[in-house]
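Student: Next input, structure requested:
(4 chains)
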Protein chains: 2
Amino acid sequence: MNSEFTIAVHCLIILAGAPEQIWNSETLAGKVHTHPARVRKIMSLLRRNCLIRTKEGLGGGYRLACDPETCSLAEIYRMTSCSALKLNWCSDSDDKTGKAESSGIRLALERTFSGAEHVLEKYLSKQSIGSLLRELQGESGTEISAAKSLSEK
Amino acid sequence: MNSEFTIAVHCLIILAGAPEQIWNSETLAGKVHTHPARVRKIMSLLRRNCLIRTKEGLGGGYRLACDPETCSLAEIYRMTSCSALKLNWCSDSDDKTGKAESSGIRLALERTFSGAEHVLEKYLSKQSIGSLLRELQGESGTEISAAKSLSEK
DNA sequence: TAAACTGTATTCATTATAATTACATTAATC
DNA sequence: GATTAATGTAATTATAATGAATACAGTTTA
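Tutor: This is a model prediction of the structure:
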C-alpha cells in the first residue's frame, strides 16, 4: 500500500474538521508533508469520486462533499490502493514437469491474497472519516482506541 | 508486502509435498522463478526460525522441520513481511499551529494501520502450509476455496 | 582433495515512489 | 479587461525499495 491512502484520509479529515472552510493544496501539503502538486493529484481523484468539491481560480481550493460518517476508509482504500496485496510474481509457463504443481500453488496463493484483501476491506469499512474525526476530538479524554477494539472483535 | 512471503510459502509447500526429499536452492529457484541466492537467503531465515532444516555440503539442501498443519501463514508473514502495512510518513514536528492536530491524526492512522495488520494476521493464522497443501491436492475435485470461505466468515 | 552444496555480503539493475517543474485553464478582483 | 491566485495534469528528475547477479568462504560427501 503506498502513501496515497494515508494522504487522502489525512486531507479528508482536515476538510471534515472545518467543513465550511476552503483549503488549498499548499496549505494541505504543509500539513500532510508532501508537495502541493501531489495533493492536487490525490484530491483530483477524490473529486472524481465525489468525496470533495473543487473550486478553481483565485481563492479556490477544496471542500468536503460527502457525509463523513458514511465515507468509509474502505472506499478510500479502493480508490487509492486497490489490490495492494496482489500477488506479485511471474507466471508459471515454463514448468517442465508437466504436472503444473506450481501453478496450483500459484492459484492457491492468489486465493489467499484475495481473501486477505477482503478481510482488510471489511475492517476498513468499519471506520469512516467521521469515526476517525470523533476519535481525534475525544483524544484528550481516556477513550479506548476504536481501531483496537474493532480489530479484536 | 514484498515477495519474500510468497517465495517462503511456495518453498515450504514444495518441501511439505515431499518431506523426505532434500531440495537444493537451484531446484527451488527454478520452481519459484527467482535466483538461487535469493532462495538461500529466504531459506536461511526459515531455518533460523526452525521451520526447515538445512544440510550443507555435497548433496545438501533443505527439508521441512515443522508440522505443516501448525505452521501458519501468519507465522511466515511475521518472519518475512512484518509491518508491511506500517504507516510510511514523516513526523509532524514542524507543525506551526501548536494545536498539533495533525499529530493526533497521525496517531489515529497509526492505530488504524496496526488494527489492519492485526486482522490480516488473524486471517493468515487460519491458514497453514498443511491447509494449502490439502487444498492443492484436492484441486482436481470441486471443493470450495478454503481461503474464500475463511475471509467471508 | 575435489566437487557440490549452503551462508552471506556486496554490487549492480530495475522498478516503484515521490518531488519537482511547467504550463494550460479557471475564476475572482481591481 | 488585465492581473492574480488558484486547480488540473503531464513530464521530468530524484530517491528509495526491490530483486538479480556475482563472489567467495565454509561445509560435507565421496
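Student: okay, CA-based contacts and neighbour counts for the rest of this
Tutor: Noted.
Student: what number of residues lie near A:Gly59?
Tutor: By other CA atoms under 10 Å in any protein chain shown, 9 other residues sit near A:Gly59.
Student: for the closest residue in space to A:Cys11 that isn't next to it in sequence, what are its contacts?
Tutor: Spatial nearest neighbour of A:Cys11, chain neighbours left out: A:Leu28 (6.7 Å); criterion: CA to CA, 6 or more residues apart in numbering or on different chains. Neighbouring residues of A:Leu28 by CA atoms under 8 Å, 6 or more residues apart in numbering or on different chains: A:Cys11, A:Pro36, A:Val39.
Student: So the residue in chain A that DNA strand D sits nearest to versus B:Gly104, what's the distance?
Tutor: Residue nearest to DNA strand D within chain A (CA to the nearest atom of the strand): A:Asn24, separated by 3.1 Å. A:Asn24 sits 21 Å away from B:Gly104 when distances are taken as CA to CA, to the nearest Å.
Student: Now the residue lying closest to the residue of chain A closest to DNA strand D once chain neighbours are set aside. Its backbone dihedrals?
Tutor: Leaving aside its chain neighbours, A:Asn24 sits nearest to A:Gly61 (4.1 Å; criterion: CA to CA, 6+ apart). Here the main-chain torsion angles of A:Gly61 (degrees, to the nearest 10) amount to phi 150, psi -150.
Student: any idea how far A:Gly61 is from A:His33?
Tutor: 18 Å.
Student: quick one: which of the two has more around it?
Tutor: When neighbours are counted by other CA under 10 Å, A:Gly61 and A:His33 differ, and A:Gly61 comes out ahead with 20 against 17.
Student: got the contact list for the more buried one?
Tutor: A:Ile22, A:Trp23, A:Asn24, A:Ser25, A:Thr54, A:Lys55.
Student: The same query, at a cut-off of 6 Å, please.
Tutor: A:Ile22, A:Trp23, A:Asn24, A:Thr54, A:Lys55 (CA atoms under 6 Å, 6 or more residues apart in numbering or on different chains).
Student: now, which of these lie close to DNA strand C?
Tutor: A:Lys55 (CA under 7 Å from any atom of the strand).
Student: Helix or strand for the closest residue to DNA strand C within chain A, just tell me which one.
Tutor: Nearest residue of chain A to DNA strand C, counting by CA to the nearest atom of the strand: A:Gly57, 3.0 Å away. Under DSSP states H and E, no helix or strand contains A:Gly57.
Student: Next: the one 5 residues further on.
Tutor: Here A:Tyr62 is covered by strand A:61-64, with elements defined by DSSP H and E.
Student: Counting by contacts, list what the helix or strand that comes right after that strand packs against.
Tutor: Once strand A:61-64 ends, the next helix or strand along the chain (criterion: DSSP H and E) is helix A:73-81. Here helix A:73-81 touches helix A:4-17, helix A:101-124, going by 3 or more CA pairs under 6 Å, 6 or more residues apart in numbering or on different chains; DSSP states H and E.
Student: quick revisit: can you list the contacts of A:Leu28 in TSV and add neighbour count?
Tutor: Shown next, in TSV, are the contacts of A:Leu28 (neighbours: other CA atoms under 10 Å in any protein chain shown):
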residue	neighbour count
A:Cys11	26
A:Pro36	17
A:Val39	24
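Student: So which of those residues reach DNA strand C?
Tutor: Near DNA strand C, by the rule CA under 7 Å from any atom of the strand, you find A:Pro36 out of the contacts of A:Leu28.
Student: The strand holding A:Tyr62 vs DNA strand D: in contact?
Tutor: Yes - using CA under 7 Å from any atom of the strand, strand A:61-64 reaches DNA strand D at A:Gly61, A:Tyr62.
Student: Just the C-alpha atoms of that strand, please, in CSV.
Tutor: What follows is strand A:61-64, C-alpha atoms only, in CSV (Å, rounded to 0.1, in the frame of the first residue of the first chain):
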residue,chain,number,x,y,z
GLY,A,61,-9.4,25.0,-3.1
TYR,A,62,-11.2,22.0,-1.7
ARG,A,63,-14.2,21.3,0.4
LEU,A,64,-15.9,18.2,1.7
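Student: No further queries at this time; thank you.
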